[in-house]
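Student: What shape does this take:
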Amino acid sequence: MSSALEIGPLWRALEGSSMKRTNQMQMYRLGNLTRLREMQEESSLSDRMTTITIAEIYLKSFIEDPLNPELVPRALERAQELMDELKRHSHAVKEKGPGGVQFIELLLSRFETSLEDDLERLPTYLIEPHIRRIS
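Tutor: Below is the predicted model:
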């Protein structure tokens, strides 16, 4: 069993075919990004940094997935914008204290909207096993 930090790609090409296998658990883990909405300007430095660090781990995995430029290009751009802002925010919080939480929430919303749009256009199918009956 993999740990929560062993992210891996969301999609994996199947050898010898043009099919790509999805990893639903990795998609589920992207849901951790919603924790960014719980951050408040007055939250402790420790709480904010923990939330940001967790978000950065999942975003990094999403950004580095080699199939995402083809499969979810707009969401990938928005994920990079969010990651860049989280890094800026982390540095600013350590140096100056609170600020920027509302902008992070805006970028998260933009990422979610782009991901939803990309996934709706992505031809995704569930193929049920075929059982051949012998008579």
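Student: Tell me which residue is most central in this structure.
Tutor: L30 (4.0 Å; C-alpha atoms, centre = their mean).
Student: Tell me how far D84 lies from M27.
Tutor: Distance of D84 to M27, computed by C-beta to C-beta, to the nearest Å: 22 Å. Placement of C-beta: from N, CA and C, glycine included.
Student: which secondary structure element contains D47?
Tutor: If you go by DSSP states H and E, D47 is part of helix 45-64.
Student: helices or strands next to that helix in the packing?
Tutor: Packing contacts for helix 45-64, counted by 3 or more C-beta pairs under 8 Å, 6 or more residues apart in numbering; DSSP states H and E, involve helix 24-30, helix 73-96.
Student: Lowest mean pLDDT across those helices, which one is that?
Tutor: When the helices and strands packed on helix 45-64 are ranked by mean pLDDT, helix 24-30 comes last with a mean of 81.
Student: Can you show me the CA trace of that one as CSV?
Tutor: Extracted C-alpha coordinates of helix 24-30, given in CSV (Å, rounded to 0.1, in the frame of the first residue of the first chain):
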residue,chain,number,x,y,z
GLN,A,24,-8.8,7.7,-9.2
MET,A,25,-7.0,7.8,-5.8
GLN,A,26,-4.7,10.5,-7.1
MET,A,27,-7.7,12.5,-8.4
TYR,A,28,-9.3,12.1,-5.0
ARG,A,29,-6.2,13.4,-3.3
LEU,A,30,-6.4,16.6,-5.3
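Student: And that helix, what's buried?
Tutor: Using 16 or more other C-beta atoms under 10 Å as the test for burial, helix 24-30 gives 26, 29-30.
Student: Tell me how far it lies from the chain's centre.
Tutor: With C-alpha atoms, centre = their mean, to the nearest Å as the basis, helix 24-30 stands 8 Å off its chain's centre.
Student: so where's this protein shaky on pLDDT?
Tutor: Along the chain, the parts satisfying pLDDT under 70 run over 1-14, 93-99, 135.
Student: Right, I'll leave it there.
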